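*Asks:* Have a look; sequence and predicted model below, questions after that.
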Amino acid sequence: MFLLLGEPHSPTGNRLAEIMEISHDSVNRFLLREDYTPRDLFEEACSGLNLKGGTISVDDSVLDKPYSQLMAFVGHFWSGKHHGVVKGINLITLYYTDPHGHHQPLDYRIYDKAANKTKNDYFQEMLAEVLAWGLQPAFVTGDSWYSSAANLKMIKNHHRGFLFALESNRRVSVEKGQWLQVQQLAIPEDGSLVYLRGFGTVSVSGSG
């Protein structure tokens with residue numbers, strides 16, 4: 001939990017041992033002994049944050065484990081860092097930035113294939129949690145992986161704004177009954193209102 005707070009981009013046992021100047025075995029014993037939950041992370045992180053009006057962002061990263069054979073949660077996942085599928089542990093995080101620019105991770109999941117859930121399932125689960133715990137973000141953001149119609153509908157139902165990337169082949173309509181892919185749109189500099197298939201009216205802008 002504290003590693004996520006202090007080193008959200010390198011949350012590994014080796015890194016914790018390095019910054020704490022303790023042995024790797026001590027880290028393993030600590031992790032086996034303690035039983036922290038995502039709620040513990042939230043309670044620890046939110047004490048220095050304004051929980052109203054900021055932006056909550058969903059993202060995931062892969063902790064490379066190319067030589068692991070019997071380690072729990074290790075699987076094959078797409079890695080943006082390597083631009084391909086790699087062997088490792090997939091960590092999904094909700095990261096909050098408050099109106100004053102202070103930021104911390106507030107919730108997390110380790111992807112477990114045995115749970116028979118998708119990353120979108122985990123995202124919806126985590127978002128519902130942090131909202132129930134008292135977070136009141138103005139916006140929810142994420143990359144195109146998390147921009148499914150189901151996710152956007154959930155965010156809309158919670159009365160939050162959103163800003164997500166869209167895959168270039170997502171279908172939209174400018175004129176009723178006529179569908180085309182986002183990549184085929186001629187989008188003006190100030191954006192354009194379109195109907196996103198399966199969701200409703202959204203504003204789209206170019207990538208710049």
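*Replies:* Received the coordinates, thanks.
*Asks:* going forward, measure contacts between C-alpha atoms and count neighbours the same way
*Replies:* Noted.
*Asks:* just the strands in the chain please.
*Replies:* Per DSSP state E, the chain carries strands over the ranges 55-64, 75-79, 84-97, 103-110, 139-142, 161-164, 171-175, 178-181, 192-196, 200-204.
*Asks:* Asp98: neighbour count?
*Replies:* Asp98 has 21 neighbours, counted by other Cα atoms under 10 Å.
*Asks:* Would you confirm that it contacts Leu49?
*Replies:* Yes. Between Asp98 and Leu49 there is a contact under Cα atoms under 8 Å: 6.3 Å.
*Asks:* for the longest helix anywhere in the chain, packing partners?
*Replies:* Criterion DSSP state H: the longest helix present in the chain is helix 119-132. When contacts are defined as 3 or more Cα pairs under 8 Å, 6 or more residues apart in numbering; DSSP states H and E, helix 119-132 packs onto strand 84-97, strand 103-110, helix 149-157.
*Asks:* quick one: which of the ones you listed has the weakest pLDDT on average?
*Replies:* For those, the weakest mean pLDDT is recorded on strand 84-97, namely a mean of 91.
*Asks:* what residues are up against the residue nearest the centre of the chain?
*Replies:* Centroid-nearest residue in the chain, with Cα atoms, centre = their mean: Val58, separated by 2.0 Å. Counting by Cα atoms under 8 Å, 6 or more residues apart in numbering, Val58 touches Ile92, Thr93, Leu94, Tyr95, Phe123, Val140, Thr141, Gly142, Asp143, Tyr146.
*Asks:* gap between it and Arg170?
*Replies:* The gap separating Val58 from Arg170 is 20 Å, by Cα to Cα, to the nearest Å.
*Asks:* same deal with Gly191?
*Replies:* Counting by Cα to Cα - Gly191 and Arg170 are separated by 17 Å.
*Asks:* for Phe73, same thing?
*Replies:* 31 Å.
*Asks:* Likewise for Pro38?
*Replies:* Shown here: Pro38 relative to Arg170, a distance of 33 Å by Cα to Cα.
*Asks:* the more surrounded of these two?
*Replies:* Pro38 (17 against 14).
*Asks:* pretty sure the more buried one contacts Tyr108?
*Replies:* Yes. Using Cα under 8 Å, Pro38 is in contact with Tyr108, at 6.1 Å.
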